[in-house]
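> sequence first, then the predicted structure, then my questions.
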Amino acid sequence: MKLVIGLDGHTSGEHALAFARDLATRTTGCELIVVYVIEWSPFSFHSAEENAQRHKRREEEISLAMERVVNPAVQGLTEAGLTARAIVRHGDVADTIDSIAHKEGASQIIVGRSSAGGVTTRLFGSSTANLVMDARVPVTVVP
């Protein structure tokens, strides 16, 4: 069984990670795939110089996410005797997590309740809500 855990760098992601760790310890042969998605719109038009800066910034963001969020999570899981690996991508959070889960053949996606709020969430919905509505595999939302 494969579980995809969506982290957001906040407490809600830590709750999802703890839930997934507990579930994996009760399941034989479970692989945990820790995913962190950096919101990134492909619909921007830039000059060649801006594109080069944008590419550099993307690489820096991936490195920072790996260092601060994803690698510590994977390390904690492997130290607990679990099989875990990490994926960091740029894109729409819900679409990217769903795509990764589908490609990896995951049985389930585990995410924390969205940490966003206010008017933006009411108008556009949260990444968590969008994932629940559109995912091709079951999604568990951890409070």
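Received the coordinates, thanks. Every value quoted in this text rests on a predicted model; they were computed, and no experiment measured them.
> right, and the helix or strand after the lowest-mean-pLDDT helix or strand in the chain?
Least confident helix or strand, the chain: helix 118-124 with a mean of 42, by mean pLDDT, DSSP states H and E. As assigned by DSSP states H and E, the chain's next helix or strand after helix 118-124 is helix 127-134.
> mind listing what's buried in the next helix or strand after that next one?
Per DSSP H and E, the first helix or strand lying C-terminal to helix 127-134 is strand 139-142. Neighbour-count burial for strand 139-142, counted by 16 or more other CB atoms under 10 Å, picks out Val139, Val141, Val142. In this view, the C-beta of every residue, glycine as well, is placed from N, C-alpha and C.
> with stretch 18-28 instead?
Phe19, Ala20, Arg21, Leu23, Ala24.
> so which of those residues is the closest to Thr128?
Thr128 lies nearest to Phe19 out of the buried residues of stretch 18-28, by CB to CB, at 13.8 Å.
> would you map the helices across this protein?
Here the chain has its helices, by DSSP state H, at 11-25, 48-65, 71-79, 93-104, 118-124, 127-134.
> mind checking which of those is nearest Ile38?
helix 48-65 (5.1 Å).
> from the chain's centroid, how far away is the closest one?
Computed by CA atoms, centre = their mean, to the nearest Å, the chain-centroid distance of helix 48-65 equals 19 Å.
> would you mind getting the angle between that helix and helix 71-79?
40 degrees (axes from the mean of the first three to the mean of the last three CA atoms, to 10 degrees).
> just the CA trace of helix 48-65, in PDB.
Extracted C-alpha coordinates of helix 48-65, given in PDB (Å, rounded to 0.1, in the frame of the first residue of the first chain):
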ATOM      1  CA  ALA A  48      14.100  35.900 -21.100                       C
ATOM      2  CA  GLU A  49      15.800  37.500 -18.100                       C
ATOM      3  CA  GLU A  50      12.600  37.200 -15.900                       C
ATOM      4  CA  ASN A  51      12.300  33.500 -17.000                       C
ATOM      5  CA  ALA A  52      15.900  32.800 -15.900                       C
ATOM      6  CA  GLN A  53      15.300  34.500 -12.500                       C
ATOM      7  CA  ARG A  54      12.000  32.600 -12.200                       C
ATOM      8  CA  HIS A  55      13.800  29.300 -12.800                       C
ATOM      9  CA  LYS A  56      16.500  30.100 -10.300                       C
ATOM     10  CA  ARG A  57      13.800  31.100  -7.700                       C
ATOM     11  CA  ARG A  58      11.900  27.800  -8.400                       C
ATOM     12  CA  GLU A  59      15.100  25.800  -7.700                       C
ATOM     13  CA  GLU A  60      15.700  27.800  -4.500                       C
ATOM     14  CA  GLU A  61      12.100  27.200  -3.300                       C
ATOM     15  CA  ILE A  62      12.400  23.400  -3.900                       C
ATOM     16  CA  SER A  63      15.700  23.300  -2.000                       C
ATOM     17  CA  LEU A  64      14.300  25.300   0.900                       C
ATOM     18  CA  ALA A  65      11.100  23.100   1.100                       C
END
